[in-house]
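here is a sequence together with a model predicted from it:
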Amino acid sequence: MSSRREARECSLQMLYIADTCNIPIETVLDSFSQSLPTVRVYRDFAEKLFRGVCQRREEIDCLIKQYVKNWDLGRMATVDRNIIRLATYEILATPEAPISVIIDEAVEISKKYSTKDSSKFVNGILDKIKIVRSGN
C-alpha cells in the first residue's frame with residue numbers, strides 16, 4: 001500500500017544515500033526507481049521531497065543551524081539530520097500541509113529509523129523551526 005508516509009520514508013532513504021555517499025540526485029533516483037511508491041501521486045511526492053531538499057539544502061541547513069544549540073550538523077546522526085531536513089523542507093515548501101502533521105510524521109519516522117531518544121530531539125528542533133512558516 002502506498003501512502004504519504006511511505007513517500008517520506010523513501011525520500012529519507014534517498015537523502016541518506018545522497019548525504020553519506022555524495023551521489024548525484026539523478027543517480028540516486030535511478031537507483032531507487034523500483035523502490036519508489038507505485039501509486040503515481042505518492043511517487044511524485046517522494047521525488048518532490050527528495051529533489052526539494054537536495055536543491056534547497058544550503059538554505060535548509062542554515063535555517064536548522066539557527067535553531068540548534070550546541071550542535072554542529074555534522075555531529076548529528078545522519079538519519080536525524082535528514083529527517084529534520086525533510087520536515088524543514090515540507091514546512092517551507094508545502095504551506096497546504098498542516099505543520100502538526102509534518103512534525104508528527106517526522107517524529108514517527110524517527111522512532112522507526114533512529115534511536116529511542118531521536119524523536120524528542122527531532123520534535124524539539126522542528127517545534128522551533130515551525131515559526132518560519134508564519135513569517136512566509
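Thanks, I have it.

lowest confidence element among the helices and strands of the protein?
helix 131-135 (a mean of 76; mean pLDDT, DSSP states H and E).

would you map the helices across this structure?
4-21, 25-31, 40-55, 57-67, 78-93, 99-113, 118-129, 131-135 (DSSP state H).

same list, these, but as a markdown table with mean neighbour count please.
C-betas here are computed from N, CA, C, even on glycine. Putting the helices of the chain into a markdown table (neighbours: other Cβ atoms under 10 Å) gives the following:
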| stretch | mean neighbour count |
| --- | --- |
| helix 4-21 | 19 |
| helix 25-31 | 14 |
| helix 40-55 | 19 |
| helix 57-67 | 15 |
| helix 78-93 | 23 |
| helix 99-113 | 18 |
| helix 118-129 | 18 |
| helix 131-135 | 11 |
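
and those, which one averages the lowest pLDDT?
Lowest mean pLDDT of the helices of the chain: helix 131-135, a mean of 76.

ok, the residue most central in space within the chain - contacts?
Centroid-nearest residue in the chain: Leu86, 1.5 Å away (criterion: Cα atoms, centre = their mean). By Cβ atoms under 8 Å, 6 or more residues apart in numbering, the contact set of Leu86 is 8, 11-12, 15, 49, 53, 106.

just Ser31 next, same as before
17, 23.

distance of Arg51 from Arg85?
13 Å (Cβ to Cβ, to the nearest Å).
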